[in-house]
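> Next come a sequence and a model predicted from it.
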Amino acid sequence: MKVTLFLYLFLILADPIFSQTHHALIGSRYAGSLGMYQNPASTLSSADTTDFSIANLHFNTYTNYVNSGYAPLLSKNPEITLKPSIGDYPRELITNLQLNLLSIKHKLNQKTAIGFGMNLRSLININTSHYNLTDSVNDIIEFIEQNSKSLPFSGSGATSNWLEYVANISHNILDSRKYLFNVGANIRMNRGLAGVVGSLGNFQYRKYTYLGVDAYEITNADFMYGISSTIASWDNTLKFKENVRNLRSQMKTGASLEIGAEILDKDEKESDWFYEGLDYNYTWKIGLSLIDLGFAKYEYFPESAVSSGMKQNITPDVLIDKFFGVVTNLADFNDSISTVVEKFEHLKGNFNIYHPSRFNINVDHKVSPYIYINAALSIPFSLVSNLHYVMKDIAYLSITPRIENRNFGIYLPISYNPKTNLNVGAALRAGPLMFGLSDLHVFNNNTDIQNVGAYVSLLFHFRKHIPKEQLDFLRCTRKIL
């Protein structure tokens with residue numbers, strides 16, 4: 001039952017609609033509490049004194065494992081046909097979800113802003129070395145025969161899922177009326193919900209003839225699979241509250257740090273002499289940030305294991321006899337695999353799955369009072385060498401022209417990434433509601449839809465009330481004085 005629950009959870013978490021996207025609101029003066037997840041310093045440069053968001057969901061995915069067929073949103077009878085992708089190349093799946101349950105930002109004064117967030121996040125990575133798949137493959141032997149040049153074969157997969165709490169602070173370091181320099185930081189504490197890592201390395205086989213019949217022997221394979229104890233803690237024979245209590249007792253605490261800075265350049269005529277921090281009328285804004293420098297922590301389920309090497313005379317027939325119809329849970333699987341490998345041992349203690357850290361550069365330019373253009377570059381990186389425990393993400397470059405005021409916005413993000421190349425999206429903000437698509441090809445009859453993303457958010461703004469005569473005085477410039 002525990003293995004069944006694990007597989008069920010993994011398949012749900014691997015659903016490609018659940019992942020994160022970097023949406024069109026990046027760099028906006030009205031991003032507020034949402035902006036702090038891309039640059040912690042941006043909470044001070046947003047237009048409103050207070051804002052909060054609820055039920056803010058970002059998701060997208062990339063995969064070349066399958067082709068989902070064509071299902072344009074405007075079609076009367078859309079059809080999705082999942083088929084394995086044909087060809088000889090490495091396979092990859094990357095998904096990333098962020099559900100902001102609650103995010104709040106508040107400016108304490110013209111120098112300091114604070115924020116808080118509570119998020120549910122899920123990351124999935126699966127990748128393999130190159131292998132050849134054709135329409136003519138009907139069984140495992142045919143697949144093995146056409147992949148003799150793909151050796152040694154390797155693959156790995158990981159998923160990390162956690163609930164996190166975010167504390168933000170941003171502060172103004174320099175205010176010369178024309179130039180502003182703000183810095184900020186986020187501290188994220190998290191509780192690991194479910195973590196899985198696994199790998200198959202240096203897999204090799206040889207072909208030989210036995211009694212005039214072609215046969216295959218697996219000559220080497222290295223396995224590793226680490227499963228968090230939280231996945232195995234759920235028991236269908238117990239009540240829901242008891243299962244929740246057991247889950248919480250198994251959850252470990254992880255953390256991450258984020259830092260950012262922003263430089264705002266004001267036009268001379270818009271440099272407020274009596275600046276109150278209520279209206280950042282910049283001409284240029286340049287932001288730099290390091291995001292997600294951290295990890296989620298888990299404890300190994302006792303049946304987690306690592307193995308290396310293969311014993312002699314291990315053929316596909318031997319594996320079928322040892323596993324099919326015999327294995328009903330992970331303990332049975334370990335008993336069987338220990339009989340075919342040279343070295344086998346269980347994994348114990350805690351393990352960390354590291355987040356896909358990013359370096360972000362953002363440049364925002366005001367063309368006119370309501371027209372802006374934004375350029376953003378995001379580069380993932382990792383300081384950890386054990387790649388099986390590091391989640392990956394995709395680099396991107398985006399240009400986003402927008403028209404917006406406090407209550408309305410239209411965004412046209414044009415982005416490039418090494419996986420899906422050029423993408424043209426669109427987003428609309430009306431009052432507190434924002435909705436967008438990362439790529440408009442979902443309306444195209446001639447393009448598949450497996451690599452699609454979308455986002456929706458509810459963001460509420462509140463500005464400190466100032467009498468009109470006092471506001472006019474605060475906004476007057478040096479030249480008027």
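The structure has been received and is ready for your questions.
> and residue 170, what element?
For residue 170, the host element (DSSP states H and E) is strand 153-175.
> same question, residue 259
Assigned by DSSP H and E, residue 259 falls in strand 253-266.
> Now find how far off-centre the strand holding residue 170 is within its chain.
On the basis of Cα atoms, centre = their mean, to the nearest Å, strand 153-175 sits 9 Å off its chain's mean C-alpha point.
> Which parts of that strand count as buried, going by neighbours?
For strand 153-175, the buried set under the neighbour-count rule, 16 or more other Cβ atoms under 10 Å, comprises 153-164, 166, 168-172. Any C-beta I mention is one placed from the backbone N, CA and C, and that applies to glycine too.
> Phi and psi next, for the residue located most distally from the centre of the chain.
Of all residues in the chain, residue 211 has its C-alpha farthest from the mean position, at 52.9 Å, by Cα atoms, centre = their mean. With angles defined as degrees, to the nearest 10, residue 211 sits at phi 60, psi 40.
> what's the closest non-adjacent residue to residue 267?
residue 283 (4.7 Å; Cβ to Cβ, 6 or more residues apart in numbering).
> On the three-state scheme, that neighbour is what?
strand (DSSP: H, G, I helix; E, B strand; the rest coil).
> thinking it is in contact with residue 364, fair?
No - contact criterion Cβ atoms under 8 Å: residue 283 and residue 364 do not qualify, at 9.7 Å.
> Just want to know which of these two has more residues nearby.
More neighbours surround residue 364 than the other of residue 283 and residue 364, with 25 against 15 (other Cβ atoms under 10 Å).
> Now do the same contact list for that one.
Residues in contact with residue 364, defined by Cβ atoms under 8 Å, 6 or more residues apart in numbering, are 27, 28, 282, 284, 285, 286, 287, 372, 373, 374, 375.
> mind running it again at 7 Å?
Neighbour list for residue 364: 27, 285, 372, 374 [criterion: Cβ atoms under 7 Å, 6 or more residues apart in numbering].
> is it true that residue 435 touches residue 458?
No - judged on Cβ atoms under 7 Å, residue 435 makes no contact with residue 458 at a distance of 10.3 Å.
> So which residues of this protein form helices?
Secondary structure of the chain by DSSP state H: the helices cover 2-13, 42-45, 140-145, 240-250, 316-323, 330-337, 468-474.
> Show me the contact partners of the second one.
Which is helix 42-45. Contacting residues not belonging to helix 42-45 are listed as 31-32, 35-36, 105, 107, 113, 115, 168, 170, 172, 182, 184, 262, 264, 280, 285, 287 [Cβ under 7 Å, 6+ apart].
> how about a cut-off of 6 Å?
Residues outside helix 42-45 that contact it (Cβ atoms under 6 Å, 6 or more residues apart in numbering): 35, 36, 105, 113, 115, 168, 170, 182, 262, 280.
> residue closest to the middle of this protein?
residue 96 (2.6 Å).
> what's across from that one in the sheet?
Beta-bridge partners for residue 96, by DSSP bridges, are residue 123.
> what's the pLDDT at it?
As predicted, residue 96 sits at a pLDDT of 84.
> ok, now residue 245?
At residue 245, the model reports a pLDDT of 87.
> With residue 4 instead?
Looking at residue 4, the pLDDT reads 37.
> Equivalent analysis for the one 5 residues further on, please.
Reported pLDDT at residue 9 in the predicted model: 36.
> Repeat that for residue 451.
We have a pLDDT of 69 for residue 451.
> ok, now residue 113?
95.
> Tally up the residues packed near it, please.
Residue 113, neighbours per other Cβ under 10 Å, totals 30.
> pLDDT weak spots in the stretch 251-400 of the chain?
Scanning the stretch 251-400 of the chain for pLDDT under 70 picks out 268-280.
> again, only this time at 90
266-282, 312-337, 339, 368-369, 382-388, 392-395 (pLDDT under 90).
> in it, which spans are strands?
Using DSSP state E, counting those that start in this stretch, the strands of the stretch 251-400 of the chain run over 253-266, 282-299, 305-310, 341-346, 350-354, 357-368, 371-381, 396-404.
> what's the closest of those to residue 140?
Closest approach to residue 140 among the strands of the stretch 251-400 of the chain is made by strand 305-310 (16.8 Å; Cβ to Cβ).
> So what are the sheet partners of the closest one and their directions?
Short version: by DSSP bridges, strand 305-310 pairs with strand 213-227 (antiparallel), strand 341-346 (antiparallel).
> Switch those over to a markdown table; also include mean neighbour count.
Listed next are those as a markdown table, based on neighbours: other Cβ atoms under 10 Å:
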| stretch | mean neighbour count |
| --- | --- |
| strand 213-227 | 18 |
| strand 341-346 | 14 |
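> now the ones you listed as JSON lines including distance to residue 415?
Compiled in JSON lines, these are given as follows (distance: least, Cβ to Cβ, whole Å):
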{"stretch": "strand 213-227", "distance to residue 415": "34"}
{"stretch": "strand 341-346", "distance to residue 415": "44"}
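> who wins for proximity to residue 199 among those strands?
Nearest of the strands paired with strand 305-310 to residue 199, taken as Cβ to Cβ: strand 213-227 at 4.7 Å.
> For the closest one, output the C-alpha coordinates as PDB.
Only the C-alpha atoms of strand 213-227 are listed here, as PDB (Å, rounded to 0.1, in the frame of the first residue of the first chain):
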ATOM      1  CA  VAL A 213      19.900 -17.800 -30.300                       C
ATOM      2  CA  ASP A 214      20.800 -14.100 -29.700                       C
ATOM      3  CA  ALA A 215      20.800 -13.200 -26.000                       C
ATOM      4  CA  TYR A 216      21.700 -10.200 -23.800                       C
ATOM      5  CA  GLU A 217      23.500  -9.900 -20.500                       C
ATOM      6  CA  ILE A 218      23.500  -6.800 -18.300                       C
ATOM      7  CA  THR A 219      27.100  -6.300 -17.500                       C
ATOM      8  CA  ASN A 220      26.900  -3.200 -15.300                       C
ATOM      9  CA  ALA A 221      24.400  -0.800 -13.600                       C
ATOM     10  CA  ASP A 222      24.500   1.500 -10.700                       C
ATOM     11  CA  PHE A 223      21.200   2.300  -8.900                       C
ATOM     12  CA  MET A 224      20.300   4.900  -6.300                       C
ATOM     13  CA  TYR A 225      16.800   5.700  -4.900                       C
ATOM     14  CA  GLY A 226      16.200   7.900  -1.900                       C
ATOM     15  CA  ILE A 227      12.600   8.300  -0.700                       C
END
